[in-house]
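A.B. asks: Provide a 3D model corresponding to the input given below.
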Amino acid sequence: QREFIPYLARAAAASGVDGFFMEVHDNPPEGLSDSTNMLYLSSLEDLLKDLIAINQVVRKDKEKGLGGQ
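C.D. replies: A predicted model of the protein is given here:
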C-alpha cells in the first residue's frame with residue numbers, strides 16, 4: 001500500500017539501510033502490475049531528499065560512535 005512507503009522508507013533509513021528498491025510510476029493506476037504498491041513518480045524526489053538527509057545523520061552518528069556500537 002503506497003501510503004506506507006514514505007514511513008517505512010524513512011524508518012529503514014534511520015536504522016541504517018543503505019539501499020532501497022521502490023516501484024515508481026508516473027501514474028500507478030495505469031501500471032501493468034502492483035499498481036496499489038507503486039509510489040507516484042512526482043513523490044520520489046522529496047522522499048529521496050528525506051532519505052539522504054536521514055542517512056547523513058545516521059552516518060555522522062556512527063562515525064562519532066553514537067550508533068549504538
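A.B. asks: buried stuff in the lowest-mean-pLDDT helix or strand in the chain?
C.D. replies: Within the chain, no helix or strand scores below helix 41-64, which has a mean of 91 by mean pLDDT, DSSP states H and E. Of all the residues in helix 41-64, those buried under the rule 16 or more other Cβ atoms under 10 Å are 47, 51, 54, 58. C-beta here means a position set from N, CA and C on the backbone, and glycine is covered the same way.
A.B. asks: Can you tell me which helices and strands it packs against?
C.D. replies: The contact analysis (3 or more Cβ pairs under 8 Å, 6 or more residues apart in numbering; DSSP states H and E) places helix 41-64 against helix 5-14, strand 24-25.
A.B. asks: Can I get the ones you listed in a markdown table including distance to residue 39, mean pLDDT and mean neighbour count?
C.D. replies: Below are these laid out as a markdown table (distance: least, Cβ to Cβ, whole Å; pLDDT from 0 to 100; neighbours: other Cβ atoms under 10 Å):
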| stretch | distance to residue 39 | mean pLDDT | mean neighbour count |
| --- | --- | --- | --- |
| helix 5-14 | 5 | 97 | 15 |
| strand 24-25 | 5 | 95 | 15 |
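A.B. asks: With distance to residue 31 as added columns, please give those in a markdown table.
C.D. replies: What follows is the helices and strands packed on helix 41-64, written out as a markdown table (distance: least, Cβ to Cβ, whole Å):
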| stretch | distance to residue 31 |
| --- | --- |
| helix 5-14 | 14 |
| strand 24-25 | 5 |
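A.B. asks: Select, out of these, the one closest to residue 62.
C.D. replies: The minimum distance between residue 62 and the helices and strands packed on helix 41-64 falls on helix 5-14, with 12.1 Å, by Cβ to Cβ.
A.B. asks: so that closest one versus helix 41-64, what angle?
C.D. replies: With axes from the mean of the first three to the mean of the last three Cα atoms, to 10 degrees applied, the angle from helix 5-14 to helix 41-64 works out at 20 degrees.
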